[in-house]
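A.B. asks: Quick one: sequence plus predicted model below, questions after.
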Amino acid sequence: MATRIDVVDDQIRVHPSDPRLFPIFDKVEGGERLEREDGIALFESHDLLAIGAMADHANCGRNGDRVFFAANQHINPTNLCVLRHVCIFCSYARTPREDGAYTLSLEEVFAEAESARETKVREFHIVGGLHPKLRLSYYEDMIRGLKERHPEVSIKALTAVEIVHLARIEKIPVEEVLRRLVAAGLDTMPGGGAEVFSQAVRASIADRKLVAEEWLDVHRCAHRLGIPTNCTMLYGHVETSADRVDHLLMLRELQDETGGFLTYIPLAYHPDHNELGRQLGREGTATTGFDDLKNLAVGRLLLDNIPHVKTHWIMNTIKVSQIALHFGVDDLEGTVVREKIYHEAGAQTPQGMQLGELVQVIRDAGRRPVERDARYNVLREW
Ligand code: V47
Ligand code: SF4
């Protein structure tokens, strides 16, 4: 049986083809929280249209027809990383002696950021490797220097993994690292480094990387200090549906406690030029559009307390991302300018997009573009 969608008294009625979705549909309509079993049923179902319609309903109830984006620039200060041989899914990191290893001086970072003037960038997104020697002062000076040069640009910088690394290098608590970065001008933090929280999955894709509780503790601490953060899940490798759901529920639990997450971003695993891709024999075959849409939609449905769900168009492609705007997604990331992490891992999308193109992509999907800063303050509406 096919999924049927009809309109009764101006209300859209979805009749799922998968009977496991019937009770979930009732819960979503009634605004009831979904349980673990619901999440597993959603990930295991092939009834993507019904899942998408439910997620669209959940999203439109919150955000109407508005789709957010940032005029942003990604800056990756270094690809040297002490976890180079630990995160076997990563194609970006290098050891100091490998080809392509780089570390930008502060002057080089400021020069790269200069293009922000012409293109009216309003958010810097700064993440990189765990450099063996760079001190906290490098990042403080970077953030302070960027703020002085571009006071209108908000700064989203450093994942939980980078924060813990800096705390270890400086031999100071995570809280002090965060306080010093805020004093330098940090506005928000990105959601990377979460991967999948399951211990078994971590043991096979990122053994010895920060464990779930440590990642969550950094975000808990950030939220307590008033720093909003994002959260992510890296999917499409060795994880099961149950691993995905448990990961999302751990994020939901922390959000119940702190309310500090702004956005959830599912990250589609890209298998080129990394050890995991070779082990799985997956080089050249990224996740499917079907799974990308499902991850975005299920994220919207399970994370009922996180305001936004973002498609990172760089990894999901512009075409799938545009469809995602009808599958529960209300944020399209941004202009990005020069993306490196996923292009090293085989992404075929452009490295950035002009603001006008981004606006057109949203309009062509029948939605209303809204430019935001890192904290979702509205800057412009179309
Ligand atoms: O932590 C690394 C992931 C993350 C691969 O918060 C990979 O707004 C797929 O966190 N295939 C960094 N993913 C990027 C990130 C991010 C991106 C966009 C927006 C935001 C935000 C955050 O990228 C890493 C890791 O989880 N990653 N290698 C790969 N081969
Ligand atoms: Fe380093 Fe991040 Fe790559 Fe892991 S994912 S190797 S921490 S740059």
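C.D. replies: Great, that's in hand. Given the structure is predicted, the values throughout are model-derived calculations rather than measurements. Ligands and ions are numbered 1, 2, ... in the order given.
A.B. asks: who in this protein is up against ligand 1?
C.D. replies: Taking CB under 6 Å from any ligand atom as the criterion, the neighbours of ligand 1 within the chain are 89-91, 127, 159, 190-193, 195, 230, 232, 234, 265, 267, 269-270, 274, 312, 341, 345. Every residue, glycine included, has its C-beta placed from N, CA and C.
A.B. asks: give the contact list for the residue of the stretch 1-150 of the chain found nearest ligand 1.
C.D. replies: For the stretch 1-150 of the chain, the residue closest to ligand 1 is residue 90, as judged by CB to the nearest ligand atom, at 4.2 Å. Contacts were defined as CB atoms under 8 Å, 6 or more residues apart in numbering; by that measure residue 90 touches 81, 83-84, 274, 341, 345.
A.B. asks: Then residue 185?
C.D. replies: Residue 185 neighbours (CB under 8 Å, 6+ apart): 143-144, 146-147, 155.
A.B. asks: Not including adjacent chain positions, what is the nearest residue to it?
C.D. replies: Take residue 185 and drop its neighbours on the chain: the residue closest to it by CB to CB, 6 or more residues apart in numbering is residue 147, 3.8 Å away.
A.B. asks: Then residue 371 would be within a strand, right?
C.D. replies: Yes - the assignment for residue 371 by DSSP: H, G, I helix; E, B strand; the rest coil puts it in a strand.
A.B. asks: Please pick the buried ones from the residues of the chain next to ligand 1.
C.D. replies: Among these, those classed as buried by neighbour count (16 or more other CB atoms under 10 Å) are 89-91, 127, 159, 190-193, 195, 230, 232, 234, 265, 267, 269-270, 274, 312, 341, 345.
A.B. asks: Inside helices: which ones of the residues you listed?
C.D. replies: residue 341 (DSSP state H).
A.B. asks: Near ligand 2, list only the ones from the buried ones among the residues of the chain next to ligand 1.
C.D. replies: residue 90.
A.B. asks: Per-residue pLDDT of residue 356, please?
C.D. replies: Here, the pLDDT recorded for residue 356 equals 90.
A.B. asks: can you check residue 342 too?
C.D. replies: We have a pLDDT of 67 for residue 342.
A.B. asks: How about the contacts made by the residue nearest to residue 185?
C.D. replies: Residue 147 neighbours (CB under 8 Å, 6+ apart): 153, 155, 184-185.
A.B. asks: out of these, which are inside strands?
C.D. replies: residue 155 (DSSP state E).
A.B. asks: so can I have a markdown table of the contacts of residue 147 showing pLDDT and distance to residue 54?
C.D. replies: As requested, the contacts of residue 147 are exported to a markdown table (pLDDT from 0 to 100; distance: CB to CB, whole Å):
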| residue | pLDDT | distance to residue 54 |
| --- | --- | --- |
| 153 | 95 | 37 |
| 155 | 97 | 36 |
| 184 | 98 | 42 |
| 185 | 98 | 40 |
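A.B. asks: tell me the two of the contacts of residue 147 that are most distant?
C.D. replies: Of all pairs drawn from the contacts of residue 147, the one with the longest distance (CB to CB) is 153 and 184, at 13.8 Å.
A.B. asks: contacting residues for the residue of the stretch 101-250 of the chain found nearest ligand 1?
C.D. replies: Nearest to ligand 1, among the residues of the stretch 101-250 of the chain, is residue 192, at 2.3 Å (CB to the nearest ligand atom). When contacts are counted by CB under 8 Å, 6+ apart, residue 192 touches 127, 159-161, 232, 267.
A.B. asks: For the residue nearest to residue 81 when sequence neighbours are not counted, give its distance to residue 149.
C.D. replies: Nearest residue to residue 81 in three dimensions, chain neighbours excluded: residue 129, at 3.0 Å (CB to CB, 6+ apart). Applying CB to CB, to the nearest Å, the value for residue 129 to residue 149 is 24 Å.
A.B. asks: who has more neighbours, those two?
C.D. replies: residue 129 (28 against 13; other CB atoms under 10 Å).
A.B. asks: which ones are touching the more buried one?
C.D. replies: For residue 129, the contacting residues are 78-84, 92-94, taking CB under 8 Å, 6+ apart as the criterion.
A.B. asks: what's the burial count for residue 51?
C.D. replies: 31.
A.B. asks: Low-confidence regions, the stretch 201-350 of the chain specifically.
C.D. replies: 342, 346 (pLDDT under 70).
A.B. asks: Strands of that one, residue ranges please.
C.D. replies: Shown for the stretch 201-350 of the chain, the strands assigned by DSSP state E, counting those that start in this stretch span residues 229-235, 261-268, 308-309, 331-334.
A.B. asks: any idea which of those strands is most buried?
C.D. replies: Comparing those by mean neighbour count (mean count of other CB atoms under 10 Å), strand 331-334 ranks first with a mean of 27.
A.B. asks: Give me the pLDDT for the residue of the stretch 101-250 of the chain closest to ligand 1.
C.D. replies: pLDDT, read off for residue 192, is 97.
A.B. asks: could you measure the residue lying closest to it once chain neighbours are set aside against residue 223, distance?
C.D. replies: Counting by CB to CB, 6+ apart, residue 192 lies nearest to residue 159, which is 4.0 Å off, once chain neighbours are set aside. Residue 159 sits 15 Å away from residue 223, going by CB to CB.
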